[in-house]
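*Asks:* Here's a sequence, model it:
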Amino acid sequence: MKAVVFDWAGTMVDYGCFAPLAVFLEVFKKRGIELTSGEAREPMGMLKRDHIQALLKMERVAALWEKKYGRKPSESDVDELYADFEPMLMETLHQYATPVPGAVELANRLREQGIKLGSTTGYTRKMMDVVTVSAKEQGYAPDTLVTPSEVRAGRPYPWMCYQNAMLLDCHPMSDMVKVGDTTSDMKEGRNAGMWTVGVLKGGSELGLSLQEVQELPQEVLREKLAHAAERLMEAGAHYVIEEIGCLDEVLAKINGRLAAGERP
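*Replies:* Numbers count the residues shown, from 1 in each chain. Now for the predicted structure:
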């Protein structure tokens, strides 16, 4: 195993992936459309403009829009919603760059093993300029970062992973692992021909804060974890782990499979 390409929010920073959630809810609410948290999280991991476009294509959301405005959502509506979204997100983004428990320690362990650290995101470069500064101050800084701003398209396309491979000088793609917390992360990794690992706790699919994870009755938490794991596996994950600090165990299994001649 030569490199691991991590997602950012919900995987290595911003436990629960809450930074964009409230903003998505607010920009739609301003236009009289009440999204549920589940709907707002559904396309999480995509480039944020693509995320808004995906929300407007949801059957219930599109119907609400048509009922209120007498027409189906258009590209100009996507542009207007995004024009509201970006400055609102930028105002608070620096508050959501705290590494999740175990992330910094994991990064250090991987580096000690000679494994390179790449990263992809659904944020633009402008947004990541805020996140990376704050995360680095708190101990997390991967070797590379590729945003949708630098490639033809974001997730689920594999281009950001390919660009990471070039920057890290790693090949073949089967010697790399993609790690993330959303279905779009899983599709990105699989489309790139990489081993793909989903993370549950701290991720958007689970959608819970650290306090909620700690306080939920174990039976309820297990049920939610199982549902999130199923979603990630259906999207293509080779493995699903409960929390980021468990990645070492999966990497050992992948190394064994590589040694046996297996490929993703």
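*Asks:* Now do the strands in this structure.
*Replies:* Taking DSSP state E as the criterion, the chain contains strands spanning 3-6, 116-119, 176-180, 195-199, 239-241.
*Asks:* can you redo these as JSON lines with distance to residue 129?
*Replies:* C-beta: built from backbone N, CA, C; applies to glycine. Output for the strands of the chain, formatted as JSON lines (distance: least, CB to CB, whole Å):
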{"stretch": "strand 3-6", "distance to residue 129": "18"}
{"stretch": "strand 116-119", "distance to residue 129": "14"}
{"stretch": "strand 176-180", "distance to residue 129": "21"}
{"stretch": "strand 195-199", "distance to residue 129": "24"}
{"stretch": "strand 239-241", "distance to residue 129": "29"}
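*Asks:* Make JSON lines out of the ones you listed and add mean pLDDT.
*Replies:* Below are those laid out as JSON lines (pLDDT from 0 to 100):
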{"stretch": "strand 3-6", "mean pLDDT": "98"}
{"stretch": "strand 116-119", "mean pLDDT": "98"}
{"stretch": "strand 176-180", "mean pLDDT": "98"}
{"stretch": "strand 195-199", "mean pLDDT": "98"}
{"stretch": "strand 239-241", "mean pLDDT": "98"}
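*Asks:* between these, which one is nearest to residue 149?
*Replies:* strand 116-119 (13.7 Å; CB to CB).
*Asks:* Return the list of strands paired to that closest one, each annotated with direction.
*Replies:* strand 3-6 (parallel) (DSSP bridges).
*Asks:* For the partner strand, give me every contacting residue.
*Replies:* With contact meaning CB atoms under 8 Å, 6 or more residues apart in numbering, strand 3-6 is reached by 12, 110, 115-120, 142, 161, 164-165, 168, 170, 175-180, 189, 194, 247, 251.
*Asks:* Give me the phi and psi for the most centrally placed residue in the chain.
*Replies:* For the chain, residue 45 is the residue whose C-alpha lies nearest the centre (CA atoms, centre = their mean; 4.2 Å). Residue 45 has phi and psi values of phi 110, psi -20 when expressed as degrees, to the nearest 10.
*Asks:* Residue 149: how many residues sit nearby?
*Replies:* By other CB atoms under 10 Å, 14 other residues sit near residue 149.
*Asks:* what about it, distance to residue 192?
*Replies:* As judged by CB to CB, to the nearest Å, residue 149 and residue 192 stand 18 Å apart.
*Asks:* go on, residue 82?
*Replies:* 26 Å.
*Asks:* Looking at those two, which one has more neighbours?
*Replies:* residue 192 (24 against 17).
*Asks:* My guess is the more buried one contacts residue 172. True?
*Replies:* No - using CB atoms under 8 Å, residue 192 is not in contact with residue 172, being 10.8 Å away.
*Asks:* hang on, the earlier thing: thought the residue nearest to the centre of the chain was touching residue 180?
*Replies:* Yes - between residue 45 and residue 180 there is a contact under CB under 8 Å: 6.6 Å.
*Asks:* Spit out the residues that contact these two alike.
*Replies:* Common neighbours of residue 45 and residue 180 are listed as 7, 10, 188 (criterion: CB under 8 Å, 6+ apart).
*Asks:* which one is the last one nearest to, not counting chain neighbours?
*Replies:* For residue 188, the nearest residue in space outside its immediate sequence neighbours is residue 155; the separation is 4.3 Å by CB to CB, 6 or more residues apart in numbering.
*Asks:* OK, contacts around that neighbour?
*Replies:* If a contact means CB under 8 Å, 6+ apart, then residue 155 has 45-47, 120, 122, 148, 184-185, 187-188 as its contacts.
*Asks:* Noted, bye for now.
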